[in-house]
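Asks: please work out how this folds:
(one chain, ligands or ions: 2)
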Amino acid sequence: MTTDYKEKIGELVGIEVIEKNGIDVEKLRKLLLAGVGAEFFTYYYYTILRMHCTGRDGEGIKEIVEDARIEDRNHFEAMVPRLYEIGGDLPRDVRTFADLAGCPDAFLPDDWEDIETILKVLLEAERCAIRSWGEVCDYTANKDHRTYNIAQAIMQEEIEHEAWFVELLTKRPSGHFRRSFVGQSPHTMGHGGLQHL
Ligand SMILES: [Fe+2]
Ligand SMILES: [Fe+2]
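Replies: Ligands and ions are numbered 1, 2, ... in the order given. Next up, the predicted model:
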């Protein structure tokens with residue numbers, strides 16, 4: 001991060017207040033970078049997974065995979081501005097970014113024609129996202145209200161995503177019906193760069 005601005009305007013108060021509350025800003029930058037990396041690459045891998053939701057079983061889950069896919073992209077959009085606000089940035093090279101992502105690659109399984117194998121990959125990706133945003137929530141609660149606010153909104157959607165795939169795999173009764181439109185992001189809507197056309 002360029003520090004030239006400090007000579008002109010002094011330390012950013014937005015950073016000063018969270019440091020005063022005990023936040024290690026460098027640690028938080030790393031956590032956010034890992035989190036947004038996981039979202040970005042999940043969006044990428046979910047694109048491939050969604051393309052393989054075909055046939056009588058696959059078509060039935062395609063729409064729900066699409067909701068999760070677009071909402072993960074929204075999570076990237078929602079948190080990236082916050083990363084820059086606290087002096088972080090995205091790696092110049094996307095290959096570096098891939099290595100810093102906080103969740104494993106959600107690869108298309110070899111036996112993808114069995115739709116359960118795709119659902120299991122989706123479920124594990126959502127579980128990793130819940131853990132990683134949970135860590136951000138735990139670290140920022142009562143210390144960095146703005147990051148916490150965005151992370152907890154994302155986490156609410158990740159918990160919903162987990163529930164969708166659990167219900168599809170287990171037939172557990174469901175409180176979920178459907179989003180009003182694809183990738184609605186009811187919780188993160190209004191954060192960061194989210195745009196709904
Ligand atoms: Fe996400
Ligand atoms: Fe998700």
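Asks: mind checking what helix or strand follows the longest helix along the chain in sequence?
Replies: Longest helix in the chain, counting residues (DSSP state H): helix 55-85. For helix 55-85, the following helix or strand on the C-terminal side (DSSP states H and E) is helix 94-100.
Asks: next secondary structure after that following helix?
Replies: Criterion used, DSSP H and E; the element after helix 94-100 is helix 115-140.
Asks: which strands or helices does that following helix pack on?
Replies: helix 25-51, helix 55-85, helix 145-170 (3 or more Cβ pairs under 8 Å, 6 or more residues apart in numbering; DSSP states H and E). All C-beta atoms are positioned from the backbone trio N, CA, C, and that covers glycine.
Asks: dump those to a markdown table, plus distance to ligand 1.
Replies: Converted to a markdown table, the helices and strands packed on helix 115-140 look like this (distance: least, Cβ to the ion, whole Å):
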| stretch | distance to ligand 1 |
| --- | --- |
| helix 25-51 | 5 |
| helix 55-85 | 4 |
| helix 145-170 | 5 |
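Asks: make TSV from these and add mean neighbour count and mean pLDDT to it.
Replies: Below are the helices and strands packed on helix 115-140 laid out as TSV (neighbours: other Cβ atoms under 10 Å; pLDDT from 0 to 100):
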stretch	mean neighbour count	mean pLDDT
helix 25-51	20	98
helix 55-85	19	96
helix 145-170	20	97
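Asks: so which of the ones you listed is nearest Leu12?
Replies: Closest approach to Leu12 among the helices and strands packed on helix 115-140 is made by helix 55-85 (8.3 Å; Cβ to Cβ).
Asks: packing partners for that closest one?
Replies: Helices and strands touching helix 55-85, by 3+ Cβ pairs under 8 Å, 6+ apart, are helix 25-51, helix 115-140, helix 145-170.
Asks: got the contact list for the closest residue in space to Thr117 that isn't next to it in sequence?
Replies: When the adjacent residues along the chain are set aside, Thr117 lies closest to Pro109, with 4.1 Å between them (Cβ to Cβ, 6 or more residues apart in numbering). Contacts of Pro109 were listed using Cβ atoms under 8 Å, 6 or more residues apart in numbering, and they are 117-118, 120-121.
Asks: good, we can wrap up now.
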